[in-house]
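> Fold the following, please.
(one chain, ligands or ions: 1)
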Amino acid sequence: MIEIGHKSDVKLVIDGKRLDGRSSNELREVDMKIGVINRATGSALVRFGNTVAIAAVHGPRELFPRFLQQSEAGILRVRYNMAPFSVDDRKSPGPDRRSTEISKVIRSALEEVIFLEEFPKATIDVFVEILQADGSTRVTAINAASLALASAGIPMRDLVSACSVGKIDNQLIVDLNGKEDNFGETDMALAMQGGRKNVTLLQMDGVLTNVEFEKLLGFAKENCLKIYELQKKTLKEAYKRD
Ligand code: ADP
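Below you'll find the predicted structure:
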């Protein structure tokens with residue numbers, strides 16, 4: 001349910017702690033798993049607290065209709081979708097402006113790490129379903145999609161790791177939950193290539209001073225690297241030989 005109220009009516013930090021008990025620079029509990037969908041070429045599930053995303057990769061496969069094919073390189077297509085049951089009030093099913101925008105930013109956050117030139121005339125399709133939404137769904141989706149691409153054996157330059165940061169009750173924090181996103185002052189989503197450290201997504205909603213922005217960028221990069229380590233660990237454990 002979307003809560004109605006003025007932003008300033010809702011206290012989000014009490015005695016230095018956030019409502020879910022976290023400190024400012026603390027991620028929610030994170031779970032990652034690959035190989036969760038048999039029929040996909042690769043798949044992954046990522047959970048940050050109550051936000052759960054599942055990603056499935058199909059391809060590379062020949063792109064139809066043929067006039068969309070590119071002779072030099074393959075293309076990446078991404079569909080982000082929030083399930084109707086992912087939020088308290090049922091969300092009307094199907095695409096909307098928000099999901100179209102998020103699909104586009106996820107694609108541009110991922111596209112550069114894939115050796116698409118190895119797959120002329122082909123498409124790689126990534127489907128991300130948000131099963132539970134409690135803030136930061138786009139960054140959770142990117143983490144899941146990146147793992148699913150790796151588990152599909154798609155040749156990649158790097159893994160993409162993403163997290164959200166923001167400002168609530170005048171405090172700078174990481175990994176916003178739904179309430180913090182809806183009632184906070186500012187939220188920012190960042191994705192970066194974990195090994196090469198290139199930023200591939202930066203979106204911000206709200207206002208920050210230059211000093212706050214620099215500090216949040218530091219928080220975001222630090223936490224993206226933590227997520228990168230978890231992604232690597234998840235992949236290594238899945239392919240470990242006894
Ligand atoms: P992100 O999920 O990447 O932070 P938004 O800032 O657009 O993207 O959304 C913030 C949060 O608002 C979502 O994670 C979700 O918890 C909630 N939300 C988004 N769309 C809806 C909706 N249609 N109904 C209820 N809650 C929603």
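
> CA atoms for contacts and neighbours, from now on please.
Noted.

> tell me which parts of the protein are close to the ligand?
Proximity of the chain to the ligand, by CA under 6 Å from any ligand atom, involves residues 1-2, 87, 91, 133-138, 178, 181.

> Most neighbours among those residues, please name it.
Ranked by neighbour count (other CA atoms under 10 Å), the residues of the chain next to the ligand have T137 at the top, with 28 neighbours.

> Now it. Nearest residue, chain neighbours left out?
T51 (6.5 Å; CA to CA, 6 or more residues apart in numbering).

> give me every residue that touches the residue positioned nearest the centre of the chain.
Taking CA atoms, centre = their mean, the centroid of the chain lies closest to V139, which sits 2.1 Å from it. The contact partners of V139, taken as CA atoms under 8 Å, 6 or more residues apart in numbering, are 162-164, 189-191.

> For those, could you give me TSV that also reports secondary structure, pLDDT and neighbour count?
As requested, these are arranged in TSV below (DSSP: H, G, I helix; E, B strand; the rest coil; pLDDT from 0 to 100; neighbours: other CA atoms under 10 Å):
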residue	secondary structure	pLDDT	neighbour count
A162	strand	98	33
C163	strand	98	30
S164	strand	98	32
A189	strand	98	23
L190	strand	98	23
A191	strand	98	27
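
> And those, which two are furthest apart?
For those, the farthest-apart pair by CA to CA is S164 and A191; their separation is 8.7 Å.

> residues in contact with the residue nearest to T137?
Neighbour list for T51: 130-137, 140 [criterion: CA under 8 Å, 6+ apart].

> Report the closest residue of the chain relative to the ligand.
At 3.0 Å from the ligand, G135 is the closest residue in the chain, using CA to the nearest ligand atom.

> Wasn't that residue part of a strand?
No - per DSSP: H, G, I helix; E, B strand; the rest coil, G135 lies outside any strand segment and is coil.

> show me what contacts the nearest residue to it once chain neighbours are set aside?
When the adjacent residues along the chain are set aside, G135 lies closest to G178, with 3.8 Å between them (CA to CA, 6+ apart). G178 sits next to 133-136 when contact means CA under 8 Å, 6+ apart.

> The lengthiest helix in the chain: which residues count as buried?
The longest helix of the chain (DSSP state H) is helix 210-238. Buried residues in helix 210-238, defined by neighbour count with 16 or more other CA atoms under 10 Å: 213, 216-217, 219-221, 223-228, 230-231, 234-235.

> Same question for stretch 183-198.
By 16+ other CA under 10 Å, the buried positions in stretch 183-198 come out as 183-194.

> Now render these as JSON lines, adding secondary structure.
Shown next, in JSON lines, are the buried residues of stretch 183-198 (three-state DSSP):
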{"residue": "F183", "secondary structure": "helix"}
{"residue": "G184", "secondary structure": "coil"}
{"residue": "E185", "secondary structure": "coil"}
{"residue": "T186", "secondary structure": "strand"}
{"residue": "D187", "secondary structure": "strand"}
{"residue": "M188", "secondary structure": "strand"}
{"residue": "A189", "secondary structure": "strand"}
{"residue": "L190", "secondary structure": "strand"}
{"residue": "A191", "secondary structure": "strand"}
{"residue": "M192", "secondary structure": "strand"}
{"residue": "Q193", "secondary structure": "strand"}
{"residue": "G194", "secondary structure": "coil"}
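
> of the residues you listed, closest to V46?
A191 (15.2 Å).

> what about G42, distance to E222?
28 Å (CA to CA, to the nearest Å).

> quick one: least confident helix or strand in this protein?
In the chain, no helix or strand scores lower on mean pLDDT, DSSP states H and E than strand 13-14, which sits at a mean of 91.
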